[in-house]
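Undergrad: predicted model follows, preceded by the sequence.
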Amino acid sequence: AQKVTQAQTEISVVEKEDVTLDCVYETRDTTYYLFWYKQPPSGELVFLIRRNSFDEQNEISGRYSWNFQKSTSSFNFTITASQVVDSAVYFCALSETNSGSARQLTFGSGTQLTVLP
Amino acid sequence: DTGVSQDPRHKITKRGQNVTFRCDPISEHNRLYWYRQTLGQGPEFLTYFQNEAQLEKSRLLSDRFSAERPKGSFSTLEIQRTEQGDSAMYLCASSLDYLTYEQYFGPGTRLTVT
């Protein structure tokens, strides 16, 4: 069965610091997708990125970057020059392809990021 | 361009009462998912629809829960004889089709059972 672990429950940084959120996953599938979602205080989950298991290239989008390492089953998320508006709960999630057609997401327990001014 | 909407946003009910939530997915999205999120945890999958067909239910979905998606558009999730353990945020998400993996979430319905 699939599992996602986000060991960091809470992280607090001062504005402009870089911060990395860790995500470790378990799956028996050879083909799968990984995601990051942001949940601000308003509660709505916002999709940030999807990566498939074939592509281990790191990705950068503005201040956000993602490091996918299949060898360590990790998909870490770095925010560069953090801002107060980045304060939110961040969830890593996994979707398998070989366990049926549901494509449901398995989420980690989230990391609460607080960026202090 | 409208996202996923859910109604109501908050619901307070007494134990034993029935409640119904509604979700309107992004138009043209034919997959619709329901998740439940408790405090301090990530969302957990409950069930999903491909058009009007409910294709999978998780073990979390007891027989007091029922979901429908008539005509493959909006969906409703009903909880009968609510219990305090049902208190949670109920999230709805939609995705375009079976080839699409990213899901777009609504704002959720927060249920409090007193």
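TA: On my side now, so go ahead.
Undergrad: residue ranges in the chain under the pLDDT threshold?
TA: You didn't pick a chain, so chain A it is. Residue ranges of chain A with pLDDT under 70: A:98-101.
Undergrad: not what I meant, chain B
TA: For chain B, the stretches with pLDDT under 70 are B:1.
Undergrad: show me what contacts residue A:37?
TA: Residues counted as contacts of residue A:37 (C-beta atoms under 8 Å, 6 or more residues apart in numbering or on different chains) are A:45, A:46, A:47, A:48, A:90, A:91, A:93, A:107, B:105. The C-beta positions use only the backbone N, C-alpha and C, and glycine is treated the same way.
Undergrad: and it, what are its bridge partners?
TA: With DSSP bridges as the criterion, residue A:37 is bridged to residue A:47, residue A:91.
Undergrad: the residue in chain B that chain A sits nearest to - nearest residue in space that isn't next to it in sequence?
TA: In chain B, the residue found nearest to chain A is residue B:42; the distance is 2.9 Å by C-beta to the nearest C-beta. Among residues not flanking residue B:42 along the chain, residue A:107 sits closest, at 2.9 Å (C-beta to C-beta, 6 or more residues apart in numbering or on different chains).
Undergrad: the one you found reaches residue A:4, doesn't it?
TA: Yes: taking C-beta atoms under 8 Å as the definition, residue A:107 is a contact partner of residue A:4 at 6.2 Å.
Undergrad: which neighbours do these two share?
TA: A:92, A:93, B:42.
Undergrad: what sits up against stretch A:78-91?
TA: Outside of stretch A:78-91, the residues within contact range by C-beta under 8 Å, 6+ apart are A:6, A:13, A:15-21, A:36-41, A:45, A:63-67, A:77, A:107-108, A:110-117, B:42-43.
Undergrad: got the residues of chain B near chain A?
TA: B:31, B:33, B:35, B:40-45, B:48, B:50, B:55-56, B:58, B:89, B:91, B:93, B:95, B:98, B:101-108, B:110 (C-beta under 8 Å from any C-beta of the partner chain).
Undergrad: restricted to buried residues, select those residues in PyMOL.
TA: In PyMOL, a selection of the buried entries from those looks like this (16 or more other C-beta atoms under 10 Å in any protein chain shown):
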select buried, chain B and resi 31+33+35+42+43+44+45+48+50+56+89+91+93+95+101+102+103+104+105+106+107+108+110
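Undergrad: which of the residues of chain B next to chain A fall in strands?
TA: B:31, B:33, B:35, B:44-45, B:48, B:50, B:55-56, B:89, B:91, B:93, B:95, B:104-105, B:110 (DSSP state E).
Undergrad: give me the number of residues near residue B:27?
TA: 9 (other C-beta atoms under 10 Å in any protein chain shown).
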